[in-house]
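# the sequence and its predicted three-dimensional model are supplied below.
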Protein chains: 2
Amino acid sequence: MKKKTTIADVAKHAAVSKSTVSQFLNGRYSYMKEETKNRIADTINELGYQGNFVARSLRLKRTSTIGVIVANILHSSSSIVIQAIEDVCSSENMHVIVCNADEDPDKERKYINMLQAKQVDGLIVFPTGKNIELYKTMVEQDFPIVFMDRLIHGVSIDAFLLDNELASKLAIDCFIEGGHHRIGMITPPLDRKITPRIERVEGYKNALKYHNIDAKKEYVEITEINEVKNGLDRMLFTDYPPTALYIVNDLMLMEVLSFAKEKSINIPKDLAVINVDDVPFADIYTPTLTTIFKPEFEMARDAARLLLKKINGEDPKKGGNVYRYKPKLIVRGSS
Amino acid sequence: MKKKTTIADVAKHAAVSKSTVSQFLNGRYSYMKEETKNRIADTINELGYQGNFVARSLRLKRTSTIGVIVANILHSSSSIVIQAIEDVCSSENMHVIVCNADEDPDKERKYINMLQAKQVDGLIVFPTGKNIELYKTMVEQDFPIVFMDRLIHGVSIDAFLLDNELASKLAIDCFIEGGHHRIGMITPPLDRKITPRIERVEGYKNALKYHNIDAKKEYVEITEINEVKNGLDRMLFTDYPPTALYIVNDLMLMEVLSFAKEKSINIPKDLAVINVDDVPFADIYTPTLTTIFKPEFEMARDAARLLLKKINGEDPKKGGNVYRYKPKLIVRGSS
DNA sequence: CTGAAAGCGCTTACAG
DNA sequence: CTGAAAGCGCTTACAG
């Protein structure tokens, strides 16, 4: 590669000092002669000078970059979340680096270390549920960070969450209104205490209780995504199977729909279905899909805004606040 | 934020020089006493030292980071492509920054400038079709870059492309075998000369010609994604509408399916459908969807590997080579 | 209105 | 086997 032009080259060519070029580049021309200004501008064009962000970052101890670690990039919501964060950041001239932890705490840790080594100014994380010590260290260091979607108890980091109890209640109420009383639920494992999963199971139980229905163990299938079909086999092919199924996310929904197709289960006649995440094909699927919409764009936008405030030292509050957002039931044909 | 520990802190605390610490960090302990080694290791743990990648990058003039600019993050293929690139890169200790040009040449240019300012070592781009001068400059500067999916004539940059002619031929042949001879096609605008679009239209025409069918103008709908439904209105509600429709990508497919649902068009009875991009819901949709599979994982992996070679100066070839990959027809229920 | 100098945190060629 | 020094490309406080 050809050697790049630096500020020193521009300075020499324009017969001024590096300081003056730097002042020009940073728009501080308060005391600069018109003529000097023009000469520098021309030189920059002529030499095709491009600033070196790395040098600038080292000097300023600020990279104008934040890191985002999503739990699983395959969720349909991830691209919306990323877009919302990009929107907020680019309007404030901040850059975004996105990493996918893939629900793996080791990857999460590796990415956090990498991003910190790259000196990002702050972090938005969908925590996998481990790495608690790491987060504590970051809190101690006063490193700007916010959580999305999940919170970790005992760590004072602001978190932007769905009102998961309400999400479950909306689904259960809708089923009950439709005359169902055998209502199942399917969720990924709860071992890492991942907030939305835990809270949605709680919400499901409470909603049933509210309607005087006992929550049956056999109606709650807790299973890895690649075991969903076996779980459904267990749950649905019994003497009193559920007639309605509440699904906690879009990836599980795909498995349920696939299973229903394989086994010729008619939705909603044989099994009514409501899932959290308003998937893009909800309107074009047959039947159309009743879903719970999460305001993830707003959540991500607000998270990004708060993080930028923290980075700029404009957030006087102590960490550990929880911001809740209301889900919305979108009734379509599957319930 | 608390001040970070630097190499100087470690050096002082371990009573050695900065050079020695740096040697240690970079694994060059050929001539280092066991004792020194241990003392440094202990100090690093004790102080919680974390390297500063920015300083290292400035010194080495190498960031170990590449940039990826996808044309449109909403394509279902994007996440696969990104994953493939991440895989290759992380195995070589390279980092990846992904940007979404959103089919907007201005955004593309802004991102390229930003990534170059950040001193990325190379670039993988799905070019939007403009910014030709910018690419020429990069070629002149010998900046490592490869194109994916699209190529730009007159610019000597290696490109990884689908055999788009074959993709069209597979679809048309399948329709013909099914007894169709009124075969339509729908594609986004061709004005930016975006390679897959142009080549797929050509392939469609050639395949029809091969079967002695005249390509009718009215059967090729060229339209923006948000105008697809109007286009279908024009094409399908005539005296001799096509009985089969070839769709060039997943986003257009969504619109077609939505339209079919609204107008109660039965797929495949009223209209057979084949699209490029093996979408995730192809198997669970009713009907299941006949698609053209692109080996995008391999394409992206090979592109990333070549780029890393270029960065390491291990690719002796002149740029401008085109690597073609074979698509595959996956016959399901919609054709 | 502009310049010389110091320093951000590293790495490396060189000296010893 | 280890250290002192220079330098990567910037920015800024200070001097004039």
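Received it, and whenever you're ready, just let me know what you need. Numbering: from 1, shown residues only, chains lettered A, B, ... in the order given.

# avg pLDDT for stretch A:271-282?
The predicted model gives stretch A:271-282 an average pLDDT of 96.

# roughly how far is it from the heart of the chain?
Centre-to-centre, stretch A:271-282 and its host chain are 19 Å apart (C-alpha atoms, centre = their mean, to the nearest Å).

# tell me the buried residues in that stretch?
A:L271, A:A272, A:V273, A:I274, A:N275, A:V276, A:D277, A:D278, A:V279, A:F281, A:A282 (16 or more other C-beta atoms under 10 Å in any protein chain shown). Just so you know, the C-beta spots here come from the backbone N, C-alpha and C atoms, and that holds for glycine as well.

# can you tell me which of these are in strands?
Judged by DSSP state E, the buried residues of stretch A:271-282 include A:A272, A:V273, A:I274, A:N275, A:V276 as members of strands.

# tell me the one of these nearest B:T65?
The shortest approach to B:T65 among these belongs to A:V276, at 35.6 Å (C-beta to C-beta).

# phi, psi for the closest residue to the closest one other than its chain neighbours please.
Excluding the flanking residues, the one nearest A:V276 by C-beta to C-beta, 6 or more residues apart in numbering or on different chains is A:I292, at 4.4 Å. A:I292 has phi and psi values of phi -110, psi 120 when expressed as degrees, to the nearest 10.

# check A:G67 too.
phi -110, psi 150.

# A:N321 too?
Main-chain torsions, A:N321, degrees, to the nearest 10: phi -80, psi 150.

# with A:E165 instead?
According to degrees, to the nearest 10, the main-chain angles of A:E165 amount to phi -60, psi -50.

# and it, how many neighbours does it have?
17 (other C-beta atoms under 10 Å in any protein chain shown).

# same check on the one 10 residues further on?
Residues within reach of A:F175, counting by other C-beta under 10 Å, total 28.

# before we move on, which element is A:L170 in?
Per DSSP states H and E, A:L170 falls inside helix A:164-177.

# could I get the buried residue list for that helix?
A:N164, A:E165, A:L166, A:A167, A:S168, A:K169, A:L170, A:A171, A:I172, A:C174, A:F175, A:I176.

# elements contacting it?
Helices and strands touching helix A:164-177, by 3 or more C-beta pairs under 8 Å, 6 or more residues apart in numbering or on different chains; DSSP states H and E, are strand A:183-187, helix A:195-210, strand A:244-247, strand A:272-276, strand A:290-293, strand A:328-330.

# what mean pLDDT does the fifth one get?
Mean pLDDT, strand A:290-293: 98.

# before we move on, what about the first one?
Within the predicted structure, the mean pLDDT of strand A:183-187 is 97.

# tell me the gap between that strand and the middle of its chain.
24 Å.

# give me the contact status of that strand with chain B.
No - legend: contact between strand A:183-187 and chain B by C-beta under 8 Å from any C-beta of the partner chain is lacking; minimum distance shown is 15.9 Å.

# just to revisit the earlier point, state the distance from the residue nearest to A:V276 to A:D163.
Separation of A:I292 from A:D163 (C-beta to C-beta, to the nearest Å) stands at 11 Å.
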